[in-house]
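Visitor: generate coordinates for the sequence data below:
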Amino acid sequence: MSFLEQRETKDNPPTSPTPETKMETTPSQSRWLWAYGWMPAWLRKMDRGILALTIVFVLTLPLFTPRIYASDEIKYFSYLHSIFFDHDVDFTNEYSYFYNSDPVKYADFKASVINKLNEKGLPVNEGPVGSAILWTPFYGIAHVAALAGNALGLKSFKPDGFSTPYVWAVTLASLLYGFAGLIFSYLLARNFMPSFWAAFGTITVWLASPVIFYMSLTPPMSHANSLFMISLWLWLWYRTREWRFDKDGKFTPGVRRGSMWLLLGVLGGLTAMVREQDGTVLIVGAVESLFLYWHFWRNRPAPASGGKAALIPPGWLSLFGRNLVFLFGLAFSLVPQFIVYAALNGHPGPSKTVGDKLQFFSLEVPGRLLGLLGDPDHGLFWWAPVLLPALVGLVMLVWRKEFRLVAIVLLFAFFAELYISASFQTWTMKGSFGPRRLIGISPAYIVGLGFLGWWLSQLKTGWKISKRVLVGLATLFIIWNFGVIIQFTTLREGDSRQGLDPARVVVDQFTKVPGKLIDTAERFLFKRDSFYKK
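Guide: Numbering: from 1, shown residues only. Predicted coordinates:
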């Protein structure tokens, strides 16, 4: 049940159409909905938030860049070709294909990847297989298209697993998965605020953070898929709960059906196969279960006169059984990854190079945690300033009794992702556009930013901020982010892209970016491959 459906009262009518209500607007709203007059009926009935997201998605399509370039992109893609065509996980020919296409450009790739063998003597591949699994339907369709195109004499349609149809297939798949992830994030956020603010949070985080970069400009990376899987998992987790809080914080317990626990386990495994660190989102289910165990214990029936309280409170066995079902689904869905690891590395675990990067208990981790948030060159809040108020909003949501548990588990999920990222020796992610390992948890940012915007617009004091002002501020964050993207892709090369350098960013935003707008547009239209050079 959505936020608006929960609060459909005489004094607080819904502000957006639901299946049970007709869409009615006030005269002031009509000024902003003039376009409804020419929209077909089915479009007018569409959820306005989803409609807004779809319009923005269409407007961002020119940014879509269908190419496979960077080292990690090649590794994720190579799973498809090697398994589909070679029926193995020896990536020698896949890596050689990209190296031979431009030996100068891929000289570092040859030294650090092709010539670097794993424990089994095969070319190393630290990437998990989840993205390849998500891409498989698209890759299969691309193969059929390549066969047809080749039969018609189209030179770029070679059925070799590398040609244009295959590249378009996986990059388009990531773009669509990323958009689906944003839709699920919106649907999740809509449970805690009006749909306008859920859409506001979704669009702002999308366009004012690294999400747009890794979804549209470098789609073969795993981050759009990561966003999709985490958003889907969180939405399904909340959608299938059986417990409820009312607006006064009164709790009605309940345990979701076993089939839904099983599905959450299976999807949790796939989430971890897209990016291993994203398995931390499953902490949400763990915290939820611990809360329910505590509630059942606290509210266990009082013992009869002279008797003893039951050792196992009612509800524990049912919940424990369903937790086991969840773990079974999780373990079952991870089997493909274990098989791939065993064939690739000689053991059912990731490459030793991954383990060598991780330092879970290092004394340096606390400093890295602070650095991931506030370091001027690598910190989340410097790369995407809009995420600071987003996390503030998520903390504020804790004070809403009916949403407290959700806010707490989302904060747990965020800090779990943050801790894993800080455990990497490569925590700075030099050369990347922002702290990309924290993109997958964007649903938490979306909920927080949307709630903060709604809260500010509802203040009864002089601190109240109108929708127009908040939308204007969001627009400034978006413009700033696009300016940083232009700097990162057109003005910087080599060492200058190893960190943000805020002072340079501020200067270049006003002195160089404006003069680059026309040139950037021309290169996007006619020389797309000239972007994002090492």
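Visitor: give the contact list for the closest residue to residue 338 other than its chain neighbours.
Guide: Of all residues not flanking residue 338 in the chain, residue 348 sits nearest, at 4.2 Å (C-beta to C-beta, 6 or more residues apart in numbering). Every residue, glycine included, has its C-beta placed from N, CA and C. Applying C-beta atoms under 8 Å, 6 or more residues apart in numbering, we find residue 348 in contact with 338, 339, 341, 342.
Visitor: repeat that for residue 499.
Guide: Contact analysis of residue 499 by C-beta under 8 Å, 6+ apart lists 376, 377, 378, 428, 430.
Visitor: quick one: name whatever helix or strand follows the helix or strand encompassing residue 206.
Guide: Assigned by DSSP states H and E, residue 206 belongs to helix 195-207. As assigned by DSSP H and E, the chain's next helix or strand after helix 195-207 is helix 211-212.
Visitor: what does that next one contact?
Guide: For helix 211-212, with C-beta under 8 Å, 6+ apart as the criterion, the contacting residues are 60, 63, 178, 182, 205, 206, 223, 227, 439, 442, 481, 485.
Visitor: name the nearest of those residues relative to residue 70.
Guide: residue 223 (11.9 Å; C-beta to C-beta).
Visitor: now that closest one. Nearest residue, chain neighbours left out?
Guide: residue 214 (4.0 Å).
Visitor: the one you found in helix, strand or coil?
Guide: helix (DSSP: H, G, I helix; E, B strand; the rest coil).
Visitor: the one 5 residues further on now?
Guide: In three-state terms, and counting by three-state DSSP, residue 219 is coil.
Visitor: quick one: residues contacting it.
Guide: Contacts of residue 219 by C-beta under 8 Å, 6+ apart are 64, 65, 66, 170, 171, 172, 174, 175, 178.
Visitor: mind checking how far residue 119 is from residue 390?
Guide: In this view, residue 119 and residue 390 are 41 Å apart by C-beta to C-beta, to the nearest Å.
Visitor: more neighbours: which of these two?
Guide: Comparing residue 119 with residue 390 by other C-beta atoms under 10 Å, the one with more neighbours is residue 390, at 27 against 14.
Visitor: residues in contact with the more buried one?
Guide: 201, 205, 444, 445, 446, 448, 449, 452.
Visitor: can I get the CA coordinates of the host helix or strand of it in CSV?
Guide: Per DSSP H and E, residue 390 falls inside helix 387-397. Output in CSV follows, covering the C-alpha atoms of helix 387-397 (Å, rounded to 0.1, in the frame of the first residue of the first chain):
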residue,chain,number,x,y,z
LEU,A,387,23.8,13.0,-1.7
LEU,A,388,24.6,14.8,1.6
PRO,A,389,21.1,16.2,2.0
ALA,A,390,19.8,12.8,0.7
LEU,A,391,21.4,11.0,3.7
VAL,A,392,20.3,13.7,6.0
GLY,A,393,16.7,13.1,4.8
LEU,A,394,17.2,9.3,5.4
VAL,A,395,18.3,10.0,9.0
MET,A,396,15.3,12.3,9.5
LEU,A,397,13.0,9.5,8.3
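Visitor: buried set for that helix?
Guide: If you call a residue buried by 16 or more other C-beta atoms under 10 Å, then helix 387-397 has these buried ones: 387, 388, 389, 390, 391, 393, 394, 397.
Visitor: in CSV: the residues you listed, plus pLDDT and distance to residue 145.
Guide: Listed next are the buried residues of helix 387-397 as CSV, based on pLDDT from 0 to 100; distance: C-beta to C-beta, whole Å:
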residue, pLDDT, distance to residue 145
387, 98, 39
388, 98, 45
389, 98, 45
390, 98, 40
391, 98, 43
393, 98, 44
394, 98, 43
397, 97, 46
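Visitor: what's the weakest-modelled helix or strand in this protein?
Guide: Every helix and strand of the chain was ranked by mean pLDDT, DSSP states H and E. The lowest is helix 27-32, at a mean of 50.
Visitor: thinking again about what came up before, now the buried members of the contacts of helix 211-212.
Guide: 60, 178, 182, 205, 206, 223, 227, 439, 442, 481, 485.
Visitor: among the residues you listed, which ones are in helices?
Guide: 60, 178, 182, 205, 206, 223, 227, 442, 481, 485 (DSSP state H).
Visitor: distance to residue 255 and pLDDT for those residues - can I get that in CSV?
Guide: Formatted as CSV, those follow (distance: C-beta to C-beta, whole Å; pLDDT from 0 to 100):
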residue, distance to residue 255, pLDDT
60, 41, 96
178, 33, 98
182, 30, 98
205, 32, 99
206, 34, 98
223, 34, 97
227, 29, 98
442, 29, 98
481, 42, 97
485, 45, 94
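Visitor: quick one: the helices in the stretch 1-150 of the chain?
Guide: Using DSSP state H, counting those that start in this stretch, the helices of the stretch 1-150 of the chain run over 3-6, 27-32, 41-44, 48-60, 71-81, 92-101, 107-109, 130-151.
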